[in-house]
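Participant: okay, predicted coordinates and the sequence, questions at the end:
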Amino acid sequence: MPQMSPMWWMTLMLTFNSLFIVINSTTYFNYKFKNMSEKKTKKNKLNWKW
């Protein structure tokens with residue numbers, strides 16, 4: 001089995017890490033925050049009389 005030089009391992013690691021970051025950032029910014037928007041619209045209207 002041929003061995004890879006350390007520079008190739010570094011470029012391989014950097015490409016996988018960069019792809020991981022790009023994919024996670026796109027899924028994060030494309031995600032619709034449905035639960036957060038529902039919590040903001042619902043207001044608990046209680047008339048407190050002490």
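Facilitator: It's in.
Participant: for this protein, which helix is longest?
Facilitator: As assigned by DSSP state H, the longest helix anywhere in the chain is helix 6-30.
Participant: contacts for that helix, please.
Facilitator: M4 (Cβ atoms under 8 Å, 6 or more residues apart in numbering). Placement of C-beta: from N, CA and C, glycine included.
Participant: tell me the mean pLDDT over that helix?
Facilitator: Mean pLDDT, helix 6-30: 93.
Participant: tell me how far it lies from the chain's centre.
Facilitator: Using Cα atoms, centre = their mean, to the nearest Å, the mean C-alpha position of helix 6-30 is found 13 Å from that of the whole chain.
Participant: what's the spacing between the most centrally placed residue in the chain and V22?
Facilitator: Centroid check for the chain by Cα atoms, centre = their mean gives Y28 as the closest residue, at 4.0 Å. According to Cβ to Cβ, to the nearest Å, Y28 stands 11 Å off from V22.
Participant: how about M10?
Facilitator: Remark: distance between M10 and V22 (Cβ to Cβ) = 18 Å.
Participant: can you check K45 too?
Facilitator: 44 Å.
Participant: neighbour-wise, which of the two wins?
Facilitator: It is V22, of K45 and V22, that has more neighbours when counted by other Cβ atoms under 10 Å, with 10 against 5.
Participant: can you give me the distance of N30 to L14?
Facilitator: 24 Å.
Participant: what do you get for V22?
Facilitator: Distance from V22 to L14, by Cβ to Cβ: 12 Å.
Participant: go on, K45?
Facilitator: 54 Å.
Participant: okay, now F16: neighbour count?
Facilitator: 10.
Participant: next: M7.
Facilitator: Residues near M7, counting by other Cβ under 10 Å: 8.
Participant: go on, W9?
Facilitator: 11.
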